[in-house]
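J.: Structure for the following, please:
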Amino acid sequence: MSNYVLCYTREPVDSVLYDPRLAYSMHLALSSDGIHYQGLNHNSGVLFALATENEDGSLNPMSLKNPFLFSMKDGTFGVLAIRIEADGDRDESSKGSVLFWTSEDLLIYQEVGLIQLSDCYIERITCCYNESGDCYQLSWMDETGRTFCGEFDMLQSGKCSVTAREVSAPLPLSELGEVQTVDMEGAILHNMIEVPPMVAERLQKKLITPENTGVIFPDEISVCSEEELADYCATLTYSDGTTVQRKVNWDLSAVDFNKEGDYNIQGKVQQEHFPFPVAFNRADPCVTRWNGKYYFIATNDADDNHTLYIREADTITGLVDAEEHLILDSTTYEGIGGLLWAPEFHEIDGRLYIFHAATPGEFFWEESCLMELREGGNPICREDWSAPRRIVKKDGSDLCEAGKTISLDMTCFSWEGAWYVIWSQREFLPKDLGAWLYIAKLNPEEPWKLLSDPVILSKPDYGWGNNHTFVEEGPYALVSRDKLYITFSAAAVDTSYVVSYLVIEPGKDLLEPGNWRKNNYPILTSRSVEGEYGTGHNAYVTDENGLVWNTYHARPGVEGVRSSGIRRVHFDIDGAPMLDVTEEHDLKKEYESIQTNLHINLFRR
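T.: Purely as a prediction, here's the structure:
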């Protein structure tokens, strides 16, 4: 069976729903017949142009137009596009050039750089590999409407040394034929190519939200006790080829575990229900499991961030209606005057801490702090928490220059025998540089002190990260299949707020930014789940059954307040987190009920 990929951009909707920095990116659609296409990634972009950087570290946001997708000589893929300024104007620094990317699978892209072809602005570009001539044939139209072409032995950034020739024929475009699209609002089609089955399969499994396709459970089981029965899990299967183990709630009213025999029993696959939102006016939520109980904490938008409350429950679902207990306010301690932001629970060497941000009063003095629970203390008792303490550098000096630079959203994690913190830091004076992610090693014996110098880990260099403002914040660690993922939020905290991630493999130095790979596109946006806007600032908790849950905030409606949500984390075919698998996709009604023949075997006791 043939497989086809269509590349397209989108018409911007507006600054709220889909603005130019999102629309002016390469989108992909998939087809098995070359006619009927389904948009991938919720009709959102998968390839964005990197911002350019100034000497002071500030960024110039960039977008792209008229992308052209083609197959390269070695079987991989190339993309050529016109780089433009973020909101669509011509980019003077790209005059006469096209931007070039390579990709092995159309999921991960490497921006090679600009290829200069002309002295005039280029409007459109096409490319194909000519096997007989062992060269790449490029054709382009410039701002005057003239068409040129040239042959290139290889494609690389820099000034092109091949002499281009003008041709009278119009620019050749890929034949789109009878293309019909599905769920691709505002699509501006560019070109399509045929791709190998493996590439198409991975695109489908990675960029279409998986859904539950069945349930597997043995027809017969033999146990000696109810406890042994509880160890048997149902296996849920999904459209992406993955599976998840899930507990079963059995009807055992007719079963006598003290009498040997056979019983036909009915059960339902366990499925926690979390309607969105689980808490209004609660942003940046975090849940932890500590000493057999669950605890919830979040930024309190209801009182303009002047208090922090904790909820306690025996289960995660119990947190939704649990009583709130005040553990910090803006009047108790000197130096803590407000803007209590993004609290997170973290256990370090058996002690429980809350990392959060606070200020003596003014916004420009916001700084990262932590509180420690006394040994044997009760997390919902405010007297058992220490006063907030500022995070400092390894020499004891301030992390940031107060009144000039703020720090916030600090998270903590252990990896390969060492402790690390990652946080967001924003310099406002003498120039607003935007919020960047920093990383450093942490001293676990004195977790308010760094063990290494801070290192810049990531900047908001993609259009989805500098949308409405230049921000990357809200990092949180998640380990999957031996890889370390750091999900983070980006853009303004309005409807443009999104989540993406950085990932690193074992054995690599976390303090070397080049060892990390940044995902090209967000994995959670306002287009991911209907009715949830400005999704972001998430954290994770693993329950007693080994399921990982994502706590996040979003707005219930474009004008809604930031409110907390909880949803299971689905891990894709590569182990990467997927945050858009709703309860309806997670477990379908037709697969929630199961039955089996239960044999009680008393001789095994």
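J.: ok but Leu138 is inside a strand, no?
T.: Yes. If the criterion is DSSP: H, G, I helix; E, B strand; the rest coil, then Leu138 is within a strand.
J.: residue contacts, it?
T.: Leu138 is in contact with 80, 117, 125-127, 149-152, counting by Cβ atoms under 8 Å, 6 or more residues apart in numbering. Quick note: C-beta positions are derived from backbone N, CA and C, even for glycine.
J.: Compare those residues and tell me which is most surrounded.
T.: Leu80 (25 neighbours; other Cβ atoms under 10 Å).
J.: can you tell me which residues contact the residue of the chain most remote from its centre?
T.: In the chain, Lys259 marks the outermost C-alpha relative to the chain mean, sitting 51.8 Å out by Cα atoms, centre = their mean. Listed by Cβ under 8 Å, 6+ apart, the contact set of Lys259 reads 600, 602.
J.: and it, how far is that from Ile600?
T.: As judged by Cβ to Cβ, to the nearest Å, Lys259 and Ile600 stand 7 Å apart.
J.: if we can go back for a sec, out of the contacts of Leu138, which is nearest to Ser414?
T.: Leu80 (43.3 Å; Cβ to Cβ).
J.: residues in contact with that closest one?
T.: Contacts of Leu80 (Cβ under 8 Å, 6+ apart): 67-68, 70, 98-100, 115, 125-127, 138.
J.: I'd like those residues as a markdown table, with secondary structure and pLDDT appended.
T.: Output for those, formatted as a markdown table (DSSP: H, G, I helix; E, B strand; the rest coil; pLDDT from 0 to 100):
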| residue | secondary structure | pLDDT |
| --- | --- | --- |
| Pro67 | strand | 97 |
| Phe68 | strand | 96 |
| Phe70 | strand | 96 |
| Val98 | strand | 96 |
| Leu99 | strand | 97 |
| Phe100 | strand | 97 |
| Ile115 | strand | 94 |
| Ile125 | strand | 95 |
| Thr126 | strand | 94 |
| Cys127 | strand | 93 |
| Leu138 | strand | 93 |
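J.: could I get those residues as a markdown table with distance to Asp33?
T.: Shown next, in a markdown table, are the contacts of Leu80 (distance: Cβ to Cβ, whole Å):
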| residue | distance to Asp33 |
| --- | --- |
| Pro67 | 23 |
| Phe68 | 22 |
| Phe70 | 21 |
| Val98 | 31 |
| Leu99 | 31 |
| Phe100 | 30 |
| Ile115 | 34 |
| Ile125 | 27 |
| Thr126 | 23 |
| Cys127 | 25 |
| Leu138 | 29 |
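J.: Quickly note the distance from the spatially closest residue to Gln180 that is not a sequence neighbour to Met184.
T.: Of all residues not flanking Gln180 in the chain, His36 sits nearest, at 5.2 Å (Cβ to Cβ, 6 or more residues apart in numbering). Relative to Met184, His36 is positioned 11 Å away (Cβ to Cβ).
J.: One more: Ser93?
T.: For Ser93, the distance to Met184 - Cβ to Cβ - is 31 Å.
J.: what about those two, which has more around it?
T.: Using other Cβ under 10 Å as the criterion, Ser93 and Met184 rank with Met184 on top: 19 against 12.
J.: ok, that one to His468 distance?
T.: In this structure, Met184 and His468 are 24 Å apart, going by Cβ to Cβ.
J.: and if you look at Trp448?
T.: According to Cβ to Cβ, Trp448 and His468 sit 33 Å apart.
J.: Of the two, which one has the most company?
T.: The residue with more neighbours, out of Trp448 and His468, is Trp448; 20 against 16, by other Cβ under 10 Å.
J.: thought that one was touching Arg390?
T.: Yes. With contact defined as Cβ atoms under 8 Å, Trp448 counts as touching Arg390 (6.9 Å).
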